[in-house]
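[1] Make a model of this:
(3 chains)
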Amino acid sequence: MIALGSRARAVLAACAALSVLTAFPWIGGEFYVDLVVRLMILAIFAMSLDLLIGYTGLVSFGHAAFFGIAGYTLASLTPAAAPANLVVVLPAALVASALAATVIGYLSLRTAGVGFIMITLAFAQMLYYVANESRAFGGSDGVLILFRPELTLQGRPLLDLEDPTVFYYLVLACLAGVLLLLRSLVRAPFGRVIRAIRIDDRRTRALGFATGRYKLASFVIAGTLAGLAGFLEAAHGGYVSPGALSWHQSGLVMAVVILGGMGTLYGPILGAFAFGLLQDQVQDWTEHTGLVVGLFVIAMVLLAPRGLAGLLSGVLSGALSGAPKTRERPAAPRGPR
Amino acid sequence: MDLAGFLVQLLNGVQAGFLLFLVASGLTLVFGIIGVINLAHGAFYMIGAYLAFWLTGLTGSLLAAVVVGVAVLVVLGIAVERLAIGFLYNRDHLQQVLLTFGLILVLDDLQRLIWGSDFHSVPVPAVLSGAVALTQQQDYPVYRLFVSAVCIAVALGLFVLIQRTRVGMAIRAAASNREMAEALGIDVGRLFTLVFALGVALAGFAGMVAAPISAVYPGMGDRILILAFVIVVIGGIGSVKGAFAGAMLVGIADTFGRVLVPEVASMVMYGVMAVVLLWRPQGLFGRPA
Amino acid sequence: MLTSFHSRPGRRRFLAGAAAATATVLAPAPFVLARPAPIRIGVLLPYSGTYAMLGTAITDGMKLSLAQAGETLAGRPVEYIIVDSEASPQQAPQNTRKLVVRDRVDVLVGPVHSGVALAMAQIVGARGAPLMIIPNAGADALTRELCAPNVFRSSFSNWQTGYPCGKVMADDGHRSIVTITWRYAAGDEIMGAGAEHFEALGGRVIKHIRVPFPDVSFQAHLSEIASLAPDAVFAFFSGGGAVQFVRDYAAAGLKARIPLYGPGFLTEGVAGAQGEAADGIRSTMHYVDDLDIPVNRRFRDAYRDAYGREADVFAVQGYDTGTLIARSATAVDGDTSAVGDMAAALEGIRLEGSPRGAWQMSPAHNPTQTFYLRDVVDGRHRVLGVAAEALADPATGCTLA
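    This next block holds a predicted model:
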């Protein structure tokens, strides 16, 4: 009964959220539509990382690499005086991100735990320096993308992405698409295996699964979806700079995932909206964004390690108090096993 | 490059390596012993540099600044461990990463609040301000040689502390088996606080001695943190010996990279890291996972 | 509903902002009110990070200029909407939209960083509004390929700061130089201009050394310079990099053997931090603190009285920015919706009252100005003469020129 009720409530909440998002261009002003577009892009980015840290148990601290690569791909494929074709540049950007994720993932997965955190960070940083110093990519000044890509069929324009409303719905569609894709992915046998890997890699291997391949696959899928977010961000802002690849970006998206609630599908979306709005608000009333956001992050880690999704699921199931807290993941035992 | 040029650049590389070791040792020590990955290590380096600038201005002496500064940093380290890090020993690395990431944001902003966004420089102490002739064209500042000597002293000190003292014995015991150490009557909680504070002090100390040869400016900890990560990964996570080897390798590779392959100079050390990892995933001196 | 006046559409009120935005789309908000609505000046400058001091000085200079104009422009009070650009290009498009779309500023002032400027100029140029004045960013493209009718610059182009120095080095009798700077656009543009001029005058560039941006470990490069043994070194770094480079250069004993030259920013604002190491460095710049002309002395006194600090070149650029805003607003009698007329008022304008000496707006919207030759004595810049009179940027590729 409670389970059904909570499920119904969750579905209701999701429908309400979706209808608000769908109707938003009609009720929000130009600036706020723009803001929500950014929040949705951040949500896609965060969901892609959640597949790694929340589901596969791989703490990647270099996720911005794939976000940035897609943006730079769009920038370098956009001609100086005309829009690029969406049908060409979007797949190209995704392939570029996927390729990078394959190489970086292959090398990084030779390590585990803290080694993995550090090496993914180092690889992302290496790409950051490539972008920061190569004249072809505009160096530290970044590159302008003067035209958003367009979707044309035999010379006839189908979608005008320069129109903010059209772009908004494109991003919303991507968000919904990624959500559905990840939902089916984590429910498929693939999802069970990666979750098993998160809990115990060795045992999963002992059960006959080639865990290395699963981890790499998860890494590449996550990298590709991060590329989608990076592509949208670059098209939206009309600009890509090394900052897109920086470790601050990786850290922020990680904060978004964990604050939202990792290992859940809607947690990263919650996190993106909460964190994005917080940052936007704080920026308006103090210069010291870092202090406020930093203290907020520290407080969340210490007080609500399961994130907003954890808090919210308590509310939704009406069992905030009294219910035993289930920790899905026991603390990793130290010492030899 | 002629032989003289080669030797000069080698000296530059080794000197850079010593300073990098000082930073990386604290990072690897904290991880190796208490299992905490401290992203704010670079921020503490920056705080150290600012303390050197501020205290040198007040006292007129870098030595006095370092003494007072280290004390301030130890207190800061103890406070951070007691108020935040200490709650995370049983949580996974992800939470530590996030918490220390938040700490960076806070420390960066505190630095701006206290010292502003201006860049500063710290004068080289008069006793050490000379230079020795290296080649006909170039002199070598005495202070840089002095920094290398200090780094060697710290490396030896760390070795003695951990391998030869009672505290060191307790630290090693607690690192390899916390429960057993506790059963033997070692106050592991206090020991871990101490080790974390030591790590913070090492980062800050590195910032202080580096201040006269590197400008003091906001965000100066970022690059050094990434470098320390690379060094720790190359050397083997948790190994102080590895940190030394890694720091030397990175210092020398970076120096020669700048001169020989300027176009890709900042990628050279990452290349080194990738090669090392392909060959030995656990790093040069790391224990296999 | 559609005629509702949102003279100050709540900075953060969701629906009010939405309604106001809708109103603008359907009917451009009239400005005639019983009490005149303020002229809204959007300021996007860094107040944190490496360039914070520059942002503050520019803002103060601009405010001083507008305060001297009586805090009103053609009867309308002045309102500042200030956003910290954090010198991060990443945030630039979003911050620009905040000011242009949400706050509907009448004039946009910013930024310091060239990357930020490129993003801003693109957005503002494409919209054709509002009037934008760049008070520092030097990227050549801003008044070349990307020049736009409503985008002006009150500072300099990178090319201008490097070019005169080439002649100075040749005149001082040097035959060979090494250039050293960070590997980034500003470095390439400044060094390129100076080196090109030097070579045109018969000199030889032995090597262009490029240091990863914004790295400050110069030791390996100094050893390289020592072994190349050029007649002179032409260097550009700014901020902390400039402090570090000049000090390291002297500490390596190179200063006594190979003289150091650079664009003004090598020592500007950092000569104090560089200490003795900066003494004798020659540089070219469009302003010198001790410039002995009446307007400069008056400006410096007024700035010191107002803020308790000494003015610098950035304050001057901010001051001139304020003058440009005042002139353009007065020209349209406060009707800031006439962006085209405001811009027209700045075409070819001559600023006689600039503390840096009179200068003229070029057809590409960049100052045509005098560059002075100076050196450093005891932490202060001394005027040695004029390095280039009325120097104009080539404005290659600008459709306005």
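[2] ok, the closest residue in space to C:Ala277 that isn't next to it in sequence to C:Gln244 distance?
    Closest residue to C:Ala277 apart from its sequence neighbours, by CB to CB, 6 or more residues apart in numbering or on different chains: C:Ala250 at 3.6 Å. Where you see a C-beta, it was placed from the backbone N, CA and C, and this is true even at glycine. When distance is defined by CB to CB, to the nearest Å, C:Ala250 is 11 Å away from C:Gln244.
[3] Now do the buried residues in the helix or strand that A:Ser218 is a member of.
    Element membership for A:Ser218 (DSSP states H and E) is helix A:211-237. By neighbour count on 16 or more other CB atoms under 10 Å in any protein chain shown, the buried set for helix A:211-237 is A:211, A:214-237.
[4] hmm, back to that, and the next element down the chain from whichever helix or strand the residue nearest to C:Ala277 is part of?
    Using DSSP H and E, C:Ala250 sits within helix C:239-251. Next in sequence after helix C:239-251, counting helices and strands by DSSP H and E, comes strand C:260-263.
[5] That following strand - what's its average pLDDT?
    For strand C:260-263, mean pLDDT is 96.
[6] List the pairing partners of that strand within its sheet, with orientation.
    According to DSSP bridges, strand C:260-263 forms sheet pairs with strand C:232-236 (parallel), strand C:282-285 (parallel).
[7] if I pick A:Gly261, what's in contact with it?
    By CB atoms under 8 Å, 6 or more residues apart in numbering or on different chains, A:Gly261 lies in contact with A:Gly267, A:Pro268, A:Leu270, A:Gly271, A:Arg306, A:Gly307, A:Leu308, A:Ala309, A:Gly310, A:Leu312, A:Ser313.
[8] Give the buried residues for the helix or strand where the third one lies.
    Under the assignment given by DSSP H and E, the secondary-structure element containing A:Leu270 is helix A:267-285. Neighbour counts over helix A:267-285 (16+ other CB under 10 Å) mark A:267-276, A:279-280, A:282-283 as buried.
[9] Then stretch C:303-312?
    For stretch C:303-312, burial by neighbour count (16+ other CB under 10 Å) applies to C:Tyr303, C:Tyr307, C:Ala311, C:Asp312.
[10] secondary structure class for the third one?
    Classification of C:Ala311 by DSSP: H, G, I helix; E, B strand; the rest coil places it in coil.
[11] quick one: the nearest residue to it once chain neighbours are set aside from A:Arg7, how far?
    Leaving aside its sequence neighbours, C:Ala311 sits nearest to C:Tyr303 (CB to CB, 6+ apart; 4.0 Å). Separation of C:Tyr303 from A:Arg7 (CB to CB): 67 Å.
[12] cool, and A:Gly310?
    For A:Gly310, the distance to A:Arg7 (CB to CB) stands at 17 Å.
[13] Show me what the one helix or strand C:Ser223 maps to is packed against.
    Per DSSP H and E, C:Ser223 falls inside helix C:219-228. Packing contacts for helix C:219-228, counted by 3 or more CB pairs under 8 Å, 6 or more residues apart in numbering or on different chains; DSSP states H and E, involve helix B:3-34, helix B:240-260, strand C:176-182, strand C:204-211, helix C:239-251.
[14] Kindly recompute the last result at 10 Å.
    Helix C:219-228 makes packing contacts with helix B:3-34, strand B:139-141, helix B:240-260, strand C:176-182, strand C:204-211, strand C:232-236, helix C:239-251 when contacts are defined by 3 or more CB pairs under 10 Å, 6 or more residues apart in numbering or on different chains; DSSP states H and E.
[15] Get me the contact residues on the stretch 151-300 of chain A for chain B.
    A:246-248, A:250-252, A:254-255, A:257-259, A:262, A:286-300 (CB under 10 Å from any CB of the partner chain).
[16] Quick one: low-confidence residue ranges for the chain.
    You didn't pick a chain, so chain A it is. Across chain A, the ranges flagged by pLDDT under 70 are A:1-6, A:316-337.
[17] ah, I was thinking of chain C
    Applying pLDDT under 70 to chain C flags the ranges C:1-35, C:49-50, C:87-89.
[18] Swap in 50 and give it another go.
    C:1-33 (pLDDT under 50).
[19] Can you pull the residues that touch both of C:Ala250 and C:Gln244?
    The contact sets of C:Ala250 and C:Gln244 overlap at C:Gln274 (CB atoms under 10 Å, 6 or more residues apart in numbering or on different chains).
[20] returning to that earlier point: can you put the helices and strands packed on helix C:219-228 in CSV and add mean neighbour count?
    Formatted as CSV, the helices and strands packed on helix C:219-228 follow (neighbours: other CB atoms under 10 Å in any protein chain shown):
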stretch, mean neighbour count
helix B:3-34, 23
strand B:139-141, 22
helix B:240-260, 23
strand C:176-182, 25
strand C:204-211, 18
strand C:232-236, 27
helix C:239-251, 25
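[21] that older thread, so can I have a markdown table of the contacts of A:Gly261 showing distance to B:Gly199?
    As requested, the contacts of A:Gly261 are arranged in a markdown table below (distance: CB to CB, whole Å):
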| residue | distance to B:Gly199 |
| --- | --- |
| A:Gly267 | 32 |
| A:Pro268 | 32 |
| A:Leu270 | 35 |
| A:Gly271 | 30 |
| A:Arg306 | 29 |
| A:Gly307 | 28 |
| A:Leu308 | 32 |
| A:Ala309 | 33 |
| A:Gly310 | 31 |
| A:Leu312 | 37 |
| A:Ser313 | 37 |
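[22] That's all I had, so thanks and see you.
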